[in-house]
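Participant: I would like to see how this sequence folds:
(2 chains)
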Amino acid sequence: MIRVIHAEWVKLRTTSVPYVLTGIALLINALLILVIFLHQNMRGGDTVPHTTQQLNNLVGSGFQGYLFALLLGVLCITTEFRHKTVTTSFLVTPFRPVFVVGKMVLAAIAGAVLAVIMLVATLIGGGITLVARGGSFSDMLHQVPSVAPGMILVFALFAILGVGVGSVLTNQVAAIVVVLGWFIILEGILVSLVSGAAKWVPTGAALAASNLTRGEGGNNSGSPIHLFNQWQGTLLMLAYGILFAAVGSYFLTHRDIT
Amino acid sequence: MPAAIEIEHLTKQFRGVLAVDDLSFEVAAGRVTGFLGPNGSGKTTTLRMLLGLVEITSGQATFGGQRYVQIDQPIHHVGAVLEATSFHPARRAEDHLKMVAIGAGIPVSRVRETLELVGMEEVARRRVGKFSLGMRQRLQLATALLGDPDVLILDEPANGLDPQGIQWLRNFIRHQASTGRSVLVSSHLLSEMEETVDDVVIVSQGKLVLQTTLAELANRTGTTTGMRVRAPDLGHFTNMLTASNIPFRSVAPDTIVIDGATPEWLGPILAQHQIVVYEVIHEKGSLEDVFLELTHGFDATVPGGAAPGTGPMGGTPDAAGVPDPTTPTPGGPS
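Facilitator: Numbering: from 1, shown residues only, chains lettered A, B, ... in the order given. A predicted model of the protein is given here:
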């Protein structure tokens, strides 16, 4: 298994996928940091984030980047089918569930690394801006322990879910359209239509897993959202990923690679 | 000689289409076996079933009694070249090999060695997307050799190669066989492989047509397929053939071909009837003709004509005094 994960790492780092996704995620994160400071300016009074909640929001501004971890997981597996490198992969690892599990482990690590990169970038970019505007960097640093573990965990869980979805939907375009369609449009509609659905959908489970109390992923009405606790959320997210991976492994095992 | 590969009653059905039909053959260890058949005859499907990439409907395909998926670290025993497109275009040649080597537990130092084996050490750092088809084929061969396998499986490796590439490939395959490897190489053209293979397995429409050695197949060549006659005035001669129900084909205004005829049959007739000829050519079948005949069920060199040996007439001279050309002549070839 170690060999399979190592080979997956070589596959990942020798394509442009992780670099492009990380670049876009960082760009969006920079824009979000900018929005946080502009928003602070517009509110008048204090021009920099200084309360615990404001600094927590600033440190966790890259949280929405979990979508990129999800895409990373999806691309990890669908790229193999797009370029037919799956033939070589299955010749090296003929027992296909091992191939899927290897990708899940690597994607989880890559997702966690993406979260760390975004946190570090936020601390550098947000920290410089904060200090330049007279804010306290040490106050910002104090928020890291409450944000980082949850964010890293959520990114890893979404990357695992991405591999699971990609193992079921091996067509790259279809897989990307489905996951983005779900997380950007359908999930919000479902949550607003079905009461109690919020904690069961992947974003709700991920929010619970993150243990962040910022209210992302909820409805737009501002009403409180009842989520699972951190462990329940983590297990639910893992269950989604493993369920997709199990279905995907079954289909892959019986799929003819022609 | 022990078998390196055993295919037993292998069958594959794709949604109602029978791609491989109860196919059985063996590949002898240490020899180059040509797996030949026209496009769509089930060669690729057979090889992919053998390699565990396509599910088997029934029967079995094994390496020394073990299915590919049962072999521990299969890359160390079996190397395969399946298609020239299975690379990520942005990946460097060296990285593609590293990825396989690491996954299979092969020392990364072997990557350089295999690149040298296929003459690609100069382009190791180039991205595969910039490679020509021939270079991709070589990289595939390098991938197959990474684990120093005992068995090589090559699916249409000559496809898209220029004459120099094909010559290189022939030498490569012969070299691999000389080191004791068993090679199973598929092709839809026997001519590509006739200088390379020791044995042939010929398939058509998913079924085995023939398994033999190349030498035995070559013995089938040289069989007369007909006599080509060019003459200034063919009228008298063709009237005589028509009267005797001897089929012939006009291939030019002054040229006919008599299928199944032999020089021993034609010579005395031309002399007896004092027919002036400019050219008489004894047409013989090549190895490719034999292959085409076996795979198509008819002789493709006889468009619209009867296949050799299927003449409708008896062997006795008819009213026009012309014997059946398919009847063996004393002293002539049978």
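Participant: Near chain B, which residues of the stretch 1-150 of chain A are found?
Facilitator: Near chain B, the residues belonging to the stretch 1-150 of chain A are A:3-4, A:6-7, A:10-11, A:14-16, A:79, A:83-95 when assessed by Cβ under 8 Å from any Cβ of the partner chain. In short, each C-beta sits where N, CA and C put it, glycine included.
Participant: What subset of the residues you listed is buried?
Facilitator: For the residues of the stretch 1-150 of chain A next to chain B, burial is judged from neighbour counts taken by 16 or more other Cβ atoms under 10 Å in any protein chain shown, and it is met by A:3-4, A:6-7, A:10-11, A:14-15, A:79, A:83-94.
Participant: what comes into contact with the one helix or strand residue B:21 maps to?
Facilitator: Mapping residue B:21 onto the secondary structure by DSSP states H and E places it in strand B:17-28. Defining contact as Cβ atoms under 8 Å, 6 or more residues apart in numbering or on different chains, one finds that strand B:17-28 is touched by B:1-13, B:33, B:42, B:45-46, B:49, B:59, B:151, B:182, B:184, B:198-199, B:201, B:203, B:205-208, B:211.
Participant: go again using 6 Å as the cut-off
Facilitator: Contacts made with strand B:17-28 from outside it, assessed by Cβ atoms under 6 Å, 6 or more residues apart in numbering or on different chains, are listed as B:1, B:3-12, B:33, B:42, B:45-46, B:182, B:184, B:201, B:206-208, B:211.
Participant: Please, which helix or strand holds residue A:30?
Facilitator: With DSSP H and E as the criterion, the answer for residue A:30 is helix A:17-42.
Participant: Equivalent analysis for residue B:210, please.
Facilitator: Assessed by DSSP H and E, residue B:210 sits inside strand B:207-213.
Participant: Quick check: buried residues in that strand?
Facilitator: Judged by neighbour count (16+ other Cβ under 10 Å), strand B:207-213 contains these buried residues: B:208-211.
Participant: Take those and lay them out in JSON lines including pLDDT and distance to residue A:167.
Facilitator: Conversion of the buried residues of strand B:207-213 to JSON lines gives the following (pLDDT from 0 to 100; distance: Cβ to Cβ, whole Å):
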{"residue": "B:208", "pLDDT": "88", "distance to residue A:167": "37"}
{"residue": "B:209", "pLDDT": "86", "distance to residue A:167": "40"}
{"residue": "B:210", "pLDDT": "85", "distance to residue A:167": "43"}
{"residue": "B:211", "pLDDT": "88", "distance to residue A:167": "40"}
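Participant: Show me which helix runs longest in chain B.
Facilitator: Counting residues, the longest helix in chain B under DSSP state H turns out to be helix B:163-178.
Participant: next one: chain A
Facilitator: For chain A, assigning by DSSP H, the longest helix comes out as helix A:96-132.
Participant: Between helix A:17-42 and that helix, find me the angle.
Facilitator: Computed with axes from the mean of the first three to the mean of the last three Cα atoms, to 10 degrees, the direction of helix A:96-132 lies at 30 degrees from that of helix A:17-42.
Participant: For helix A:96-132, enumerate the helices and strands it packs against.
Facilitator: Secondary-structure packing of helix A:96-132 (3 or more Cβ pairs under 6 Å, 6 or more residues apart in numbering or on different chains; DSSP states H and E): helix A:2-13, helix A:17-42, helix A:66-82, helix A:137-142, helix A:144-168, helix A:230-253.
Participant: out of those helices, nearest to residue B:264?
Facilitator: Set against residue B:264 and scored by Cβ to Cβ, these come closest in helix A:66-82, at 62.6 Å.
Participant: Check which helices and strands that closest one is in contact with.
Facilitator: Counting contacts by 3+ Cβ pairs under 6 Å, 6+ apart, helix A:66-82 packs against helix A:17-42, helix A:96-132, helix A:144-168, helix A:172-180.
Participant: residue in chain A nearest to chain B?
Facilitator: The minimum distance from chain A to chain B, using Cβ to the nearest Cβ, falls at residue A:7 (3.3 Å).
Participant: and residue B:148, which of the three is it?
Facilitator: coil (DSSP: H, G, I helix; E, B strand; the rest coil).
Participant: need the contact list for it.
Facilitator: Per Cβ under 6 Å, 6+ apart, neighbours of residue B:148: none.
Participant: ok, now with 8 Å
Facilitator: Listed by Cβ under 8 Å, 6+ apart, the contact set of residue B:148 reads B:76, B:110.
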